[in-house]
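Need coordinates for the following:
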Amino acid sequence: MKDVLLKLLPTHPKNTHAVVVGGGTMGADVAVVLARGGCRVTVIDPDRPKREQLQAHVRQALTPLGLERRAERVAAVPALAAVKWDDVALVVECIPENLSMKQQLFAQLVKCAPATTVLTSNSSSFPISAIAQSLDARQRMLGLHFFMPAHLVPLVEVVLGPDTDPAQADRLCAFMRGCGSVPVLVRKDKPGFLANRLQHALAREAFAMIDEGIATPEDVDAAVRFGFGFRYLAAGPVLQRDHAGLDVHCAAAATMYPTLSNASEPARVLRERVAAGRLGMKTGAGFYDWPEERRQAEQARYNHLLQQGLALLADELPPIDTDDLDANTATTAP
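Model (predicted):
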């Protein structure tokens with residue numbers, strides 16, 4: 001590859017310049033995460049209303065942390081050409097899930113950004129190797145996958161492609177810890193990465209049981225939330241087995257594994273709802289009905305519980321540096 005790294009990403013985000021491409025729901029929340037760590041953030045989005053609402057959104061999200069002044073370091077511009085690229089350390093792509101669009105964008109980013117800038121994609125479905133396949137910048141390209149809402153869910157996946165410099169991945173993990181996130185290193189660029197593969201394995205069995213009439217959607221949700229999912233706040237599936245005893249798990253697995261779903265296509269109950277346009281909250285109905293008032297109440301309940309979960313885990317989350325930032329880099333000019 002022609003691209004050669006001259007320096008690694010800083011190990012802490014404080015006073016660095018980061019760019020987020022895409023100012024939608026995810027991009028705006030990623031800007032909150034980066035600003036929380038002390039970055040100067042430039043968000044690129046052609047939609048004027050999104051740009052105009054961005055700083056207020058960031059300020060509202062940072063106020064409970066006492067960091068509302070850091071919202072002043074977040075700016076929004078309409079295009080790549082409006083960014084001052086010379087000091088950009090990190091780019092996070094948050095545009096729609098379209099592989100061709102992402103490939104075209106990264107081809108432009110390679111031309112705009114310095115050769116030391118780390119280029120990342122928040123894609124939840126496309127491997128970074130697919131996005132980077134024709135570019136000379138593959139050493140410095142990684143997946144950086146957040147989970148909605150990004151500023152409330154601590155996890156972020158740092159995904160290596162086959163050509164990614166491992167040292168850069170380690171630096172990105174340290175950088176995200178400085179933002180108060182919990183990074184996990186995904187060493188192989190498989191579809192779904194780590195967390196989504198686990199989620200879909202669970203979902204496949206859940207929807208298969210609904211298809212079979214074993215349980216209703218409501219009972220499936222309750223079984224997870226108030227059963228083993230409740231314990232996951234304290235211990236993940238591996239640690240939980242140490243609590244319970246590996247012999248118990250191994251014996252149970254031998255009994256259940258042969259009967260678990262191994263379907264290679266989505267469940268009938270899922271396909272039927274998609275075909276009927278019942279896509280969830282965004283269309284007003286999915287497995288549940290979502291009139292606007294109920295949708296807003298559910299979003300508020302959901303976010304409130306996530307915030308309470310963060311409070312419970314506060315001692316286990318990376319600390320955020322709340323010291324004053326360098327006045328010389330506090331400008332919001334892109």
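
Quickly list the domain ranges of the protein.
The chain breaks down by automatic domain parsing into domains covering 17-193, 197-265, 277-319.

hey, which of the ones you listed is tucked in deepest?
When the domains of the chain are scored by mean count of other Cβ atoms under 10 Å, the highest mean neighbour count falls to domain 17-193 (a mean of 20). Placement of C-beta: from N, CA and C, glycine included.

now that one: mean pLDDT?
Mean pLDDT, computed over domain 17-193, is 96.

Apart from its chain neighbours, what residue comes closest to the residue nearest the centre of the chain?
The centroid of the chain falls nearest to F146 when counting by Cα atoms, centre = their mean (0.6 Å). Nearest residue to F146, sequence neighbours excluded (Cβ to Cβ, 6 or more residues apart in numbering): V156, at 5.3 Å.

Can you verify that neighbour is assigned to a helix?
No: counting by DSSP: H, G, I helix; E, B strand; the rest coil, one finds V156 to be strand, located in no helix.

could you say what helices and strands the helix or strand where L202 lies packs with?
In the assignment (DSSP states H and E), L202 maps to helix 195-211. In terms of contacts (3 or more Cβ pairs under 8 Å, 6 or more residues apart in numbering; DSSP states H and E), helix 195-211 is packed against helix 217-223, helix 268-275.

could you give the angle of the longest one to helix 195-211?
In this case it means helix 268-275. 100 degrees (axes from the mean of the first three to the mean of the last three Cα atoms, to 10 degrees).

sorry, back to before: could the domains of the chain go into a markdown table alongside distance to L325?
Formatted as a markdown table, those follow (distance: least, Cβ to Cβ, whole Å):
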| stretch | distance to L325 |
| --- | --- |
| domain 17-193 | 5 |
| domain 197-265 | 33 |
| domain 277-319 | 16 |
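
closest one to L9 among those domains?
Taking Cβ to Cβ, domain 17-193 is the member of the domains of the chain nearest to L9, at 4.1 Å.

Now the terminal residues of the closest one, how far apart.
End-to-end span of domain 17-193 (Cα to Cα, to the nearest Å): 27 Å.

Kindly report the same for stretch 69-83.
End-to-end distance of stretch 69-83 (Cα to Cα): 22 Å.

go on, stretch 275-294?
23 Å.

got a list of contacts for that stretch?
Outside stretch 275-294, the residues within contact range by Cβ atoms under 8 Å, 6 or more residues apart in numbering are P217, V269, R273, R295, E298, Q299.

farthest-separated two in the residues you listed?
The two members of the contacts of stretch 275-294 with the most space between them (Cβ to Cβ) are V269 and Q299, at 23.8 Å.

Where does L135 sit: helix, strand or coil?
coil.

For the protein, which segments are assigned as strands?
Along the chain, counting by DSSP state E, strands occupy 17-21, 40-44, 74-77, 88-93, 118-121, 141-146, 155-160, 182-186.

any idea where the helices of the stretch 51-200 of the chain begin and end?
In the stretch 51-200 of the chain, the segments counted as helices under DSSP state H, counting those that start in this stretch are 99-112, 128-132, 166-178, 195-211.

For my notes, please list these in a markdown table and give distance to T283 for each entry.
Shown next, in a markdown table, are the helices of the stretch 51-200 of the chain (distance: least, Cβ to Cβ, whole Å):
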| stretch | distance to T283 |
| --- | --- |
| helix 99-112 | 23 |
| helix 128-132 | 29 |
| helix 166-178 | 33 |
| helix 195-211 | 19 |
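
So which of those helices is nearest V118?
For these, proximity to V118 was assessed by Cβ to Cβ; helix 166-178 is nearest, at 6.1 Å.

got the angle between that closest one and strand 88-93?
Angle between the axes of helix 166-178 and strand 88-93 is 80 degrees (criterion: the same axes, to 10 degrees).

can I assume L105 is in contact with C94?
No: assessed by Cβ atoms under 8 Å, L105 is found out of contact with C94, at 10.5 Å.

Now Q240: closest residue in space, sequence neighbours ignored.
Excluding its sequence neighbours, the residue lying closest to Q240 (Cβ to Cβ, 6+ apart) is R231, at 6.1 Å.

pLDDT wise, what is the one you found at?
pLDDT, the model's per-residue confidence, is 95 for R231.

which residues touch T216?
So T216 contacts I210 (Cβ under 8 Å, 6+ apart).
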